[in-house]
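With the input below, show me the fold.
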Amino acid sequence: MPANKRPETVTTPHASTSIDSLPRSSSAASMDADPSQAEQKCYVHHALNQITQLVADQLVRWKLTKGKVKHASGLNNSCLDTERWLAPNQPHLQHLAAASSAGTSLEANLKHITLTLATWNAVWEVYLDPKWGRQRLRLYRAQDRTLEQFFKKVRSEEAMAEVSAKCHGRAKELVVFFSAASIGTV
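Residues are numbered from 1 along each chain as shown. Predicted coordinates for the structure are as follows:
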């Protein structure tokens, strides 16, 4: 190829890119005389784009959100289970709420006491079911276990990066970000 002619495309290991499609700056115009500099610029530009995409993919892969923690710890399913288990008790609880003991009249207090005694067995039959205890045990430190599992994966990725560094002469960078947001309820 003659020294004064620019190449049409530069082939990189991952794709081919046209030099003419890259944005031109004033310093790029001075490189027209040397096609090897233009090739290098194109290759570097393309390689940086690919590295940026790989880093972004890695961060998305290891992103741990509050929603992921709730799902992995079983909190979402426990909320649905609780709603389903309490559904038969809703009429009893609504009657109790309607007959509140907040009134100072004797009639209001008697009505509340009567309804409490009438619904006592039905309400406590649901609350004393062993499934509530099992649910509480499942949720005990579930978020901590979820975070522990996440960081085990991160540590195993670090170990794989060390092996990769020994094999290929370079290591993948591992970046962990922490946030000040709380995971539990206040």
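
can you give me the helices in the protein?
Assigned by DSSP state H, the helices in the chain fall at 26-30, 35-61, 66-73, 75-86, 90-98, 106-127, 130-139, 142-168.

Please state the mean pLDDT value computed over the first one.
The average pLDDT for helix 26-30 rounds to 47.

hang on, the earlier thing: reformat the helices of the chain as a markdown table; add mean neighbour count.
Backbone N, C-alpha and C define where each C-beta goes, glycine included. Listed next are those as a markdown table, based on neighbours: other Cβ atoms under 10 Å:
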| stretch | mean neighbour count |
| --- | --- |
| helix 26-30 | 10 |
| helix 35-61 | 13 |
| helix 66-73 | 15 |
| helix 75-86 | 13 |
| helix 90-98 | 13 |
| helix 106-127 | 13 |
| helix 130-139 | 12 |
| helix 142-168 | 13 |
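
need the least confident one among those helices, by mean pLDDT.
When I compare these, helix 26-30 is least confident, with a mean of 47.

Break this protein into its domains for me.
9-61, 66-168 (automatic domain parsing).

and the end-to-end length of the longest one?
One end of domain 66-168 sits 36 Å from the other (Cα to Cα, to the nearest Å).

Offset the numbering so it begins at 707, please.
OK, 707 is where the count begins now, so the last one is domain 772-874.

how close does N827 get to N795?
Distance from N827 to N795, counting by Cβ to Cβ, to the nearest Å: 12 Å.

cool, and T820?
For T820 relative to N795 (Cβ to Cβ), the value is 18 Å.

Check E714 and give its pLDDT.
Looking at E714, its pLDDT stands at 45.

Please apply the same query to Y846.
Confidence score, pLDDT, at Y846: 87.

again with D835
For D835, the predicted pLDDT is 90.

For it, give me its contacts.
W791 (Cβ atoms under 8 Å, 6 or more residues apart in numbering).

Tell me the backbone dihedrals of it, please.
phi -60, psi 140 (degrees, to the nearest 10).

and it, how far is that from C873?
56 Å.

now swap in S779 and tell me
S779 is 36 Å from C873, by Cβ to Cβ.

and what of A814?
Counting by Cβ to Cβ - A814 and C873 are separated by 79 Å.

same thing with L786?
As judged by Cβ to Cβ, L786 and C873 stand 46 Å apart.

Kindly report the same for H801.
70 Å.

what's the answer for N795, then?
For N795, the distance to C873 equals 61 Å [Cβ to Cβ].

Next: V775.
Taken as Cβ to Cβ, the span from V775 to C873 is 34 Å.

And T771, its phi and psi?
phi -100, psi 170.

what about it, how many neighbours?
For T771, the neighbour count with other Cβ atoms under 10 Å is 11.
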